[in-house]
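Engineer: Predicted coordinates and the sequence they were generated for:
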Amino acid sequence: MRKRFFPVICSAMIMAMCATVCANATTSVAVVAKEETSQTTTDEDSKKKSLNEIRFDGWGEKEWSDNEYIRTLRKHIDAHNRGETWIINFIPYNEYVKGKFVICYMNEAIYGGANILFFFIDNPSVIFSAWVYSSVDIEKEVVTGYEVREVWVDDENSGITKEQVLKDLEARPEIIVW
């Protein structure tokens, strides 16, 4: 991966917990969409941007902390809460997933789009991951759409408490709560 984003969202302790989860994460979508990564190239192709360069080229901290991938995830979670779609891994946590969430980590997904590690403020001990895919128009070099492909539980007992998160968010009002 070229780029990774760890927002300075919380205390060093919470960030360390999120980093540990991220380092130990096992993703069930790792073998997906080979067309994203294994294409033969010609001289003309080598001049074109890769799909993830089209998606993320020039992104800084502002873009990584507030973007359409996160907004798409929020809309998908809201649709789940309205009963319009089901996120099967949310069912045991339905009472918590109606609230706001905070991003722990976000990076480019090798299979297209973004990986997002997040937790809900009402139950931060459970850390979720999401794969939000983005379609790309290669000729125009623009992203044309976003879709949540999968959401899963990465850690059911991270040790992060609601009290810690609220204290940290109070100390860092610039952090976006989704």
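Structural biologist: Sure, I can see it. Here the structure is a predicted model, which means the values were calculated and not measured. Numbers count the residues shown, from 1 in each chain.
Engineer: how much space between the spatially most central residue of the chain and Lys167?
Structural biologist: Geometric centre of the chain, nearest residue: Ile116, 1.4 Å, by CA atoms, centre = their mean. Ile116 is 23 Å from Lys167, where distance means CB to CB, to the nearest Å. In short, each C-beta sits where N, CA and C put it, glycine included.
Engineer: Ile87 too?
Structural biologist: For Ile87, the distance to Lys167 - CB to CB - is 29 Å.
Engineer: okay, the two: which has more neighbours?
Structural biologist: Ile87 (20 against 14; other CB atoms under 10 Å).
Engineer: which residues does that one contact?
Structural biologist: Residues near Ile87 by CB atoms under 8 Å, 6 or more residues apart in numbering: His76, Ile77, His80, Val97, Val151.
Engineer: now do 6 Å
Structural biologist: His80, Val151 (CB atoms under 6 Å, 6 or more residues apart in numbering).
Engineer: Can you report phi and psi for it?
Structural biologist: Backbone geometry at Ile87, expressed as degrees, to the nearest 10, gives phi -110, psi 100.
Engineer: now do the one 4 residues further on
Structural biologist: With angles defined as degrees, to the nearest 10, Ile91 shows backbone torsions of phi -50, psi -40.
Engineer: what about it, how many residues close to it?
Structural biologist: Neighbour number of Ile91 under other CB under 10 Å is 10.
Engineer: Surely Tyr146 touches Val136?
Structural biologist: No - using CB atoms under 6 Å, Tyr146 is not in contact with Val136; the gap is 10.9 Å.
Engineer: sec struct for Gly145, please.
Structural biologist: strand (DSSP: H, G, I helix; E, B strand; the rest coil).
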